[in-house]
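K.L.:
whatever this is, show me its structure:
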Amino acid sequence: MAVHLQIYAFSLIQLVSCSSNVYRPYQTTINCNPSSPIQIPGSIEELIEILQTASANNQTVKAIGSRHSITDIICTDGIPISMSNFNSAVNNNDGTVTLGAGLELQDAMEFMESQMLSLIMVPTFGGITIGGAIGTGSHGSSLKHSTSISDQVVALTVVVGNASVVKISDPNEVNAYRVHLGLLGIIVNVTIQTIPLFKMTIKNQIYPDSFLSDGSVLNFAKQYDMFQMWWFPSAQDVVVGTGNYTSLNDQGTAYTNFIPNEPSATIASTSAAIELLQATKNYIGLKSVAALTEHSLVDKVAPKPPIFTENGLTILNPATGYTWRLQSNKCNAVGLKTCGWNNGPKDSVFPEESSVAFDISQFNVVIQMIRNTLEKYPALFELIGVYIRFSTASPALMAISSGRETFTVEWTTAMRHDPFNTAKAGISAYQAITQQMVNNFDGRPHWGKNGLYFFTRAVLDKTVINKEEFIVFMKNNDPNGLFMNKFGKRILGLSDAMDIDPRVKHCALQDYCICNNTRNDCGNEHHCSQVNGTSICKYGLPILVG
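P.N.:
Have a look, this model is predicted:
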């Protein structure tokens, strides 16, 4: 009853001010404006009561985790529900573990390590929740093993649209829930297949980027248990990361610092420096940042912490340690250190992420397209390079690797201090590349990354092969739309509405749209230009003819 009354109180609050309930993803791109503040149920009974009350009042709900997705997949117009109290971990003593949906990945892996268990592969960021990880299909990189937590799921406990608790274990249903997009119910817990705890030896080394085009990449990738690359086109280099699984008895306790805690002052100075370089269009300076990033992947480069280490000070490359600790890590606020995006609104480096997946057969032509585009429009990819990862074919309906061996091309750019009016450095290249990926190469955008244009109805119709089959599961499990949001309505083809910041004036700057030259979509100093089937923001005034 307490929760029931609380919901009614929150419904009254919305009449005064919805803005007080706003929540955002970790890097602020999306603006979720629900009618209720975030609810935090302490039990499944309280969760059910929230759903029943919402249903009775024609409200929607949405379970949220660490909000590490930058799309409005995390939003609701109704009642957001934090699953942070659903953080249990149980060893079932049959080779599986059952993990609460609100348990963070790093905590889950530490529990499994204590039980001498592990997963065959884990995603890069350990701060995502288990429910969120399978919500968007977060993945690692390998052509020998399943790369996502989703593909290791064998059963789930879910509260569906009629507020009843169901156990999902039928393989066909599991394949729908493996990448559930928050639209099939609220995940309570997930049962995952494990393997005995094991170690890996990993090594990063620099190759000339001719390696990407000489025909050897895919054969090379298939030789290793883990394989990933960071391409730095401006340096004509590619950092190749290879990992081989080894015995638990091998010496080594190394871990990765790929997503590190950094001193607050360092983050603030980095934020100011990158903003200045972008504002002054200092491509030489941005190229220096890219060079620092590249070399920090293979060696110790101040002020970055060592990429692989046992003591936090000395780099090890190659490095040996528990596999999951070399594949994944989590930054958080500890003393004077924190995550790069968690250093306050003025002094953070807020990442904007792009990630598109392709059939493995498209590797050479996609790489050549990127090369050709960069010959016309400069871009430095200074934060992580062009990050290239691989996945085996997934049985999950909505996985970006569903039904095909896949490689993903990803990059991260630093959000401008005024993202509503000013374009990021290299915007022409980034937009031209991404649009060609989707339009010309059958690319599938990652569900938790990319600008929202890439999740409009027209793009979803083109890129989601199992959409109609997934919609059947949506309607069966949520016939009254209790879990519906704007993202879900776009999948259903009902609307192109988005949850965006009301301060947005120029929709192309963060890919809420592709630009149109009849509108001012590109902000200060840029204009919209149509080039080879793409619509991109170009620096300078348009050339007028006639």
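
K.L.:
Tyr539 versus Tyr283, what's the distance?
P.N.:
Tyr283 is 12 Å from Tyr539, where distance means Cβ to Cβ, to the nearest Å. Where you see a C-beta, it was placed from the backbone N, CA and C, and this is true even at glycine.

K.L.:
do Leu51 as well
P.N.:
Taking Cβ to Cβ, one finds Leu51 at 50 Å from Tyr539.

K.L.:
helices along the stretch 101-250 of the chain, start to end?
P.N.:
Applying DSSP state H, counting those that start in this stretch to the stretch 101-250 of the chain gives helices spanning 105-114, 130-136, 171-177, 217-221.

K.L.:
ok, and what's touching the shortest one?
P.N.:
If you take Cβ atoms under 8 Å, 6 or more residues apart in numbering as the criterion, helix 217-221 is touched by Leu143, Phe211, Phe227, Met229, Val240, Ile360, Phe363, Phe390.

K.L.:
please redo it, this time with the cut-off set to 10 Å
P.N.:
141-144, 207, 211, 227-229, 238, 240, 242, 360-361, 363-364, 367, 388-390, 405, 407 (Cβ atoms under 10 Å, 6 or more residues apart in numbering).

K.L.:
pLDDT score for the residue nearest to Leu156 when sequence neighbours are not counted?
P.N.:
Spatial nearest neighbour of Leu156, excluding adjacent residues (Cβ to Cβ, 6 or more residues apart in numbering): Ile168 at 4.4 Å. pLDDT for Ile168: 98.

K.L.:
count of residues packed around Ile168?
P.N.:
25 (other Cβ atoms under 10 Å).

K.L.:
which residues are in contact with it?
P.N.:
Taking Cβ under 10 Å, 6+ apart as the test, what Ile168 contacts is 153-158, 160, 174, 176-178, 180, 184-185, 187, 190-191, 477.

K.L.:
before we move on, what about Gly185?
P.N.:
So Gly185 contacts 51, 63, 156-166, 168, 177, 473-474, 477-478, 482-483 (Cβ under 10 Å, 6+ apart).

K.L.:
out of those residues, which end up buried?
P.N.:
Buried subset of these (neighbour count, 16 or more other Cβ atoms under 10 Å): 51, 63, 156-161, 163, 168, 177, 473-474, 477-478, 482-483.

K.L.:
return the helix or strand in the protein with minimum mean pLDDT.
P.N.:
helix 2-16 (a mean of 30; mean pLDDT, DSSP states H and E).

K.L.:
next structured bit after that helix?
P.N.:
Using DSSP states H and E, the helix or strand that follows helix 2-16 in sequence is helix 44-56.

K.L.:
that following helix packs against which elements?
P.N.:
With contacts taken as 3 or more Cβ pairs under 10 Å, 6 or more residues apart in numbering; DSSP states H and E, helix 44-56 sits against helix 2-16, strand 61-64, strand 79-82, strand 153-159, strand 165-168, strand 186-193.

K.L.:
now the angle from it to strand 153-159?
P.N.:
Here the directions of helix 44-56 and strand 153-159 differ by 60 degrees (axes from the mean of the first three to the mean of the last three Cα atoms, to 10 degrees).

K.L.:
buried stuff in helix 44-56?
P.N.:
So helix 44-56, judged by 16+ other Cβ under 10 Å, has buried residues Glu46, Leu47, Ile48, Glu49, Ile50, Leu51, Gln52, Thr53, Ala54, Ser55.

K.L.:
could you do stretch 463-476 as well?
P.N.:
Thr463, Val464, Asn466, Lys467, Phe470, Ile471, Phe473, Met474.

K.L.:
what of stretch 532-539?
P.N.:
Thr534, Ser535, Ile536, Cys537, Lys538.

K.L.:
between the buried residues of helix 44-56, which sits nearest Ile202?
P.N.:
Leu47 (40.0 Å; Cβ to Cβ).

K.L.:
local confidence estimate at the closest one?
P.N.:
Value for Leu47, per-residue pLDDT: 98.

K.L.:
do I have it right that it meets Val158?
P.N.:
No - Leu47 is not in contact with Val158 according to Cβ atoms under 10 Å; the separation is 11.1 Å.
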